[in-house]
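> Curious how this folds, go ahead:
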Amino acid sequence: MRWALVKVCLAVTTMVVVAFAVPLGLVVKETARDRAFSNAEREAAAVAPALSITTDRDQLERVVASAGAGSRMAVHLPADGGRPALDLGRRRAAARDVRAVRRLGRASTAAVPGGSTLLQPVALGSGAIAVVEVYVPESEMTNGVGTAWAVLAAVGLALIAGSVAVADRLGVRMVRPARRLVEGAQELGEGKLGARVPEDGPTELRLAASAFNAMADQVVRLLANERELAADLSHRLRTPLTVLRLNAASLGGGPAAEQTRAAVAQLEREVDTIIRTAREAKPQTAAPGPGAGCDAAEVVRERMEFWSALAEDEGRKWRVAGVDRPVRLPVARADLAAALDALLGNVFRHTAEGTAFAVDVHNGEDAVIVLVSDAGPGIPDPEAAMARGRGSGHTGSTGLGLDIVRRLAESTGGDVRIGASVLGGTEVRIRFQTSGRGPVGRGPRRAVRRRRPGRRTVAFNRPRSLP
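Next comes the predicted model:
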């Protein structure tokens with residue numbers, strides 16, 4: 001499109017330059033010729049008064065010499081009163097041309113070798129007609145024409161070059177937004193839902209970019225609603241199922257108890273299948289824009305209040321810290337709640353009753369760190385746990401707990417690390433980036449965090465409830 005516009009502009013400008021330059025060049029040539037013959041007419045007019053007074057050869061020669069014409073002028077006197085015809089100066093015009101001017105009584109020009117001559121009739125005192133001949137060389141008729149043509153050619157080339165440059169800039173202005181629109185559509189088709197197109201360029205392309213951005217925003221909203229629906233499903237079904245399974249485990253023996261536990265396990269598997277299907281069917285959405293997010297402290301307090309009831313039933317000591325002031329995170333409230341429920345559900349699911357746990361929130365300048373720790377047996381292979389978190393799953397697990405957490409952290413440019421807790425068990429460290437940077441890569445991270453020995457421990461002598 002860009003080169004097509006340049007070619008069209010080049011062709012049009014060239015035709016315009018030729019249409020104006022050629023006639024203008026001819027006008028310049030004709031003007032130079034007219035100027036030369038005008039000078040010749042003035043020279044011929046300078047000797048006309050002398051011819052009307054006298055026809056003496058010596059006097060006329062002096063007049064011609066004083067006129068400055070020199071060898072360029074000749075005077076042709078007719079035969080009169082018994083005097084023969086007289087030619088003063090060098091004759092260049094043919095005799096028939098001189099006779100024709102004398103007979104017609106008007107000036108004319110005649111071509112001669114090396115140029116042209118002006119033949120000007122002059123009436124003598126006796127009534128006869130003399131002819132003044134002024135030679136105009138070719139160099140005088142073309143004086144300045146070459147320079148004028150060179151200037152016209154230079155101006156024409158400059159106009160063509162300028163029009164090509166302007167067309168190229170206009171082409172870039174039109175092609176660049178179109179190319180960005182194509183690239184944005186390709187990125188959106190590849191699942192990069194954060195792809196947007198700057199709304200610049202011509203009006204039509206601005207409208208197309210605006211429509212594309214509106215469509216992309218609508219797609220993100222639809223997928224965000226789907227994700228919220230899946231998170232709500234996990235909140236509404238998975239968490240009560242965990243409580244139900246734990247309660248079923250305390251029913252003791254007997255056929256009814258076994259049937260209850262089997263039914264709960266079957267129901268949990270079915271719910272896990274639904275959650276996994278919904279998760280795998282949805283591509284990752286873009287990170288929230290400026291101004292979006294939630295108060296992490298409020299979400300942590302809310303979810304800890306929910307899990308504290310089950311913790312008291314199982315005799316678990318728990319602690320929450322860092323939630324006494326607002327902590328803004330660039331993630332949706334439902335997503336953060338789903339991630340916390342996934343981690344706390346793992347604590348209750350994979351540690352024995354009475355095992356303590358804690359949730360700590362650390363607010364930094366450009367990041368927020370959420371630590372979920374427990375005093376359980378720990379994770380022997382954190383790398384394998386992260387692999388399961390990427391959705392491979394294992395018996396009795398959807399494999400989505402850490403995957404939900406990891407995706408949420410990486411959507412802000414953060415990460416998830418698993419290490420040893422100060423309580424002696426597992427610590428899951430979630431880092432949310434708050435400095436406005438987007439995701440740092442497509443692939444998952446395999447970062448394992450090891451606790452340094454000698455670090456200060458936290459006492460669980462007195463569990464603290466939520467403020």
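> Going by C-alpha atoms from here, please, whenever you check contacts or count neighbours.
Fine.
> Provide a complete list of residue ranges assigned to strands in the protein.
73-77, 86-88, 108-112, 115-123, 129-137, 294-295, 318-321, 328-329, 357-363, 367-374, 415-420, 426-433, 447-448 (DSSP state E).
> Just want the angle from the third one to strand 115-123.
Regarding strand 108-112 and strand 115-123, their directions subtend 150 degrees when assessed with axes from the mean of the first three to the mean of the last three C-alpha atoms, to 10 degrees.
> Relative to residue 156, how far out is residue 74?
Look at residue 74 and residue 156: by C-alpha to C-alpha, to the nearest Å, they are 44 Å apart.
> Hmm, I typed the wrong one, I wanted residue 305.
Remark: distance between residue 305 and residue 156 (C-alpha to C-alpha) = 82 Å.
> So for these two, which residue has more residues nearby?
residue 156 (19 against 15; other C-alpha atoms under 10 Å).
> How about the contacts made by the closest residue to that one other than its chain neighbours?
Excluding its sequence neighbours, the residue lying closest to residue 156 (C-alpha to C-alpha, 6 or more residues apart in numbering) is residue 17, at 5.7 Å. Applying C-alpha atoms under 8 Å, 6 or more residues apart in numbering to residue 17 gives the contacts 156, 159, 160.
> Just the closest of the residues you listed to residue 382, please.
residue 160 (69.3 Å; C-alpha to C-alpha).
> mind checking pLDDT for the closest one?
Residue 160 carries a pLDDT value of 82.
> what about it, how many neighbours?
21.
> Just to check, it is in contact with residue 10?
Yes. Assessed by C-alpha atoms under 8 Å, residue 160 is found in contact with residue 10 at 6.5 Å.
> Residue 11 versus the residue nearest to residue 156, what's the distance?
Applying C-alpha to C-alpha, the value for residue 17 to residue 11 is 10 Å.
> With residue 226 instead?
Here residue 226 is placed at a distance of 56 Å from residue 11 (C-alpha to C-alpha).
> again with residue 299
For residue 299 relative to residue 11 (C-alpha to C-alpha), the value is 67 Å.
> What of residue 77?
Distance from residue 77 to residue 11, by C-alpha to C-alpha: 60 Å.
> More neighbours: these two, which one.
Applying other C-alpha under 10 Å to residue 77 and residue 11 shows that residue 77 carries more neighbours, namely 22 against 14.
> Tell me who's in contact with the more buried one.
Residue 77 touches 55, 85, 86, 87, 129, 130, 131, counting by C-alpha under 8 Å, 6+ apart.
> how about TSV for these, with distance to residue 241 added?
Shown next, in TSV, are the contacts of residue 77 (distance: C-alpha to C-alpha, whole Å):
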residue	distance to residue 241
55	139
85	139
86	138
87	134
129	133
130	132
131	129
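> Quickly name whichever of those residues is closest to residue 100.
residue 131 (10.2 Å).
> Please work out how many residues are found near residue 406.
Neighbourhood size, residue 406 [other C-alpha under 10 Å]: 23.
> Pretty sure it sits against residue 417.
No. Contact between residue 406 and residue 417 fails when scored by C-alpha under 8 Å: they sit 9.0 Å apart.
> possible to save the strands of the chain as a markdown table with distance to residue 214 and mean pLDDT?
What follows is these, written out as a markdown table (distance: least, C-alpha to C-alpha, whole Å; pLDDT from 0 to 100):
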| stretch | distance to residue 214 | mean pLDDT |
| --- | --- | --- |
| strand 73-77 | 87 | 80 |
| strand 86-88 | 95 | 75 |
| strand 108-112 | 79 | 87 |
| strand 115-123 | 77 | 86 |
| strand 129-137 | 77 | 85 |
| strand 294-295 | 24 | 88 |
| strand 318-321 | 41 | 93 |
| strand 328-329 | 25 | 89 |
| strand 357-363 | 34 | 93 |
| strand 367-374 | 30 | 93 |
| strand 415-420 | 30 | 90 |
| strand 426-433 | 27 | 92 |
| strand 447-448 | 37 | 40 |
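> Mind jotting down where the helices sit in this protein?
2-53, 57-66, 95-104, 138-141, 145-189, 203-233, 239-249, 255-280, 296-313, 333-350, 382-387, 401-410 (DSSP state H).
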